[in-house]
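> Need coordinates for the following:
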Amino acid sequence: MNDDTTTAERSPGDSRPWLVSGATGFMGGHMTTYLLDQGIPLRAMARTPEKLDGRRWPERWPHCEIVQGDVLEPETLVGNFDGVRVAFYLVDAMLDSKGYLQREIDGARNFAEAAAAAEIDRVVYIGCLVSEDSDSQYIMARKAIGDTLREGKVPVTEIRSAIIVGPGSAAFEVMRDCVFHLPFLVSPPCVDRLSSPIALENICKYAMELAVLSEAAGVILDAGGPDELTYADQMRIIAEVGGIKPRKIFRIPFLTAKMAAVFLPLVSAVPSTISGALIEGMRQDLGADDARIRKLVPQRLLSYHEATQAVFEKERNQGVYTRWVEGGLIFRGLNHTSAYYGKQATGNYWTNASADSVWKIMIRIGGDNRYFYLNILWTIREWIDWLFGGHGRTRFRRDPETFELGDAIDSWKVIAMEPGERFTLSFGMKAPGDGVLELAAVPEAGGTRIHATATWHPAGIWGLLYWYAMFLPHLVLFNGLTRKIGIQAEKLEAEMRDESG
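As a prediction, the model looks like this:
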């Protein structure tokens, strides 16, 4: 970048923290790490802050504080804004059921009121570009958030962004999934619509600098990259950077965006409500009139090719995690072609045994100890892997009673671990995608809650079909597995009591 001076350096003497909402989401998570890298004291707010534990932000950056807050429950926001200088509204779109537009408005209003009560200096909101003739519900919802925030007493800086090119960006991930997992693409004519995609690094820079510029208070600014490209162009560049042959695109005149959205769940792991809304928003050209924002915050804007290269590089350079984190490359088998977003199946069981006893049983998984429940299913899967040239029949544990990070357990590998609490195993059998299994012992009043979570990052349509075929068996398997672990932990404690007399 042309300007390496940080906002923190420009504001000596102002040590008030900034607040980022939606810290578990795509933009919130990346904005958090960007600001922390600049040395800015930060509060990362999330509806479910436990999802951030594996990121280890407070360990890596002592000036980071994680707080719980749900914009739809105003009472949870109390205290989070105290002493805050700037607050970023980066809550992901809530497209999961009817009434989401009203929920978006309610959440923005609650946020604006909490910011006003704490008398903070500025609210920054990153929305999306709006076309005058757009009728996309997604785009209209993002516009409504900005309008609602401006109804509050705190000055708002709204950045209307083009497609953001970064790991986890829903629009980028949909295109990446299509490029990597389809031999050719059948598309509606809107694939030739134009947009101005912007690199994640550039949008973060804009947001950070504008947050404290007086000229940016109360204004709406378009932000885009240096290239105006069709969606077809973007997919061609993704293929080029990914080292594969560009996909032939067949444009079908009668195929509408809404019809195309129906088939996306067969190709992409991006949640269908989000991917469908994004496809709907592709029906108009969305160029950015960004002359003003470029003047306010001069910086070198990455080309789409450079931004795409930065996605792959950022994934390769991800830090060490202690548990599964959405999109972490290590949990995708170090494979860029496996989907960023994962599908999950879970099981849990409550036991009156202590977490320590549960842990002693959990870490016996695999090898000659086997898998606690329905071992016949595990054996069948191992034989299938072996028939296809895999190592599924290999039964191995370095030690039958314990293991360490990096150990092999049959065809699995221990890739993340919090001793005494949880561990994550990487799936090593042949399959159209990559997955992990995480077991956790969580103390609860009077006992321990045992969790088993399987996360699958599919590779295209076969990976998705594999997941759907295994989903119900997984639910049965993991509920039974956690129950058996609990029973064995209780038995272990009973034996220990008998031995102590």
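> Looking at the helix or strand Glu313 falls within now, give me its mean pLDDT.
In this structure, Glu313 sits in helix 304-316 according to DSSP states H and E. Per-region confidence: helix 304-316 scores 95 on mean pLDDT.
> what about Ile126, is that helix, strand or coil?
strand (DSSP: H, G, I helix; E, B strand; the rest coil).
> Setting aside sequence neighbours, what's the nearest residue to it?
Ile159 (4.9 Å; CB to CB, 6 or more residues apart in numbering). The way it works is simple: take the backbone N, C-alpha and C, and place the C-beta from them, glycine included.
> and the next element down the chain from the helix or strand that that neighbour is a member of?
Element membership for Ile159 (DSSP H and E) is strand 156-161. On the C-terminal side of strand 156-161, the nearest following helix or strand under DSSP H and E is strand 164-165.
> who touches that following strand?
26-27, 171-172, 197-200, 203, 225, 304, 307-308, 310-311 (CB atoms under 8 Å, 6 or more residues apart in numbering).
> if you set the cut-off to 10 Å instead, what comes out?
The contact list for strand 164-165, computed with CB atoms under 10 Å, 6 or more residues apart in numbering, reads 26-27, 30, 126, 128, 170-172, 175, 197-204, 223, 225, 234, 237-238, 302, 304, 306-311.
> one step back: kindly provide the distance from the residue nearest to Ile126 to Pro58.
From Ile159 across to Pro58, the span is 28 Å (CB to CB, to the nearest Å).
> Among these two, which residue is more densely surrounded?
Ile159 (23 against 15; other CB atoms under 10 Å).
> wait, isn't the more buried one in contact with Lys205?
No: with contact defined as CB atoms under 10 Å, Ile159 does not reach Lys205; the gap is 11.0 Å.
> Would you indicate which residues of the helix holding Glu313 are buried?
For helix 304-316, a neighbour-count test (16 or more other CB atoms under 10 Å) marks 304, 306-312, 314-315 as buried.
> Return the member of those residues nearest to Thr379.
Nearest to Thr379 among those: Glu315, at 34.7 Å, using CB to CB.
> Check the offset of the host helix or strand of Trp378 from the chain's centre.
Element membership for Trp378, per DSSP H and E: helix 375-387. Chain-centre distance of helix 375-387: 32 Å, with CA atoms, centre = their mean, to the nearest Å.
> With stretch 146-166 instead?
In terms of CA atoms, centre = their mean, the centre of stretch 146-166 is found 21 Å from the chain centre.
> got it, and stretch 311-329?
10 Å.
> cool, and stretch 65-72?
17 Å.
> The longest helix seen in the chain packs against which elements?
When the chain is parsed with DSSP state H, its longest helix is helix 460-500. Counting contacts by 3 or more CB pairs under 10 Å, 6 or more residues apart in numbering; DSSP states H and E, helix 460-500 packs against helix 170-181, strand 343-351, helix 355-362, helix 375-387, strand 433-444, strand 447-458.
> now with 7 Å?
Counting by 3 or more CB pairs under 7 Å, 6 or more residues apart in numbering; DSSP states H and E, the packing neighbours recorded for helix 460-500 are helix 170-181, strand 343-351, helix 355-362, strand 447-458.
> Check which helix or strand the residue nearest the centre of the chain maps to.
The centre of the chain sits closest to Glu326, judged by CA atoms, centre = their mean, with a distance of 4.4 Å. Under DSSP H and E, no helix or strand contains Glu326.
> Also Ala44?
Assigned by DSSP H and E, Ala44 falls in strand 42-46.
> Would you indicate which residues of stretch 70-90 are buried?
In stretch 70-90, counting by 16+ other CB under 10 Å, buried: 70-71, 74, 76-77, 80-81, 84-90.
> Endpoint to endpoint, it covers what distance?
12 Å (CA to CA, to the nearest Å).
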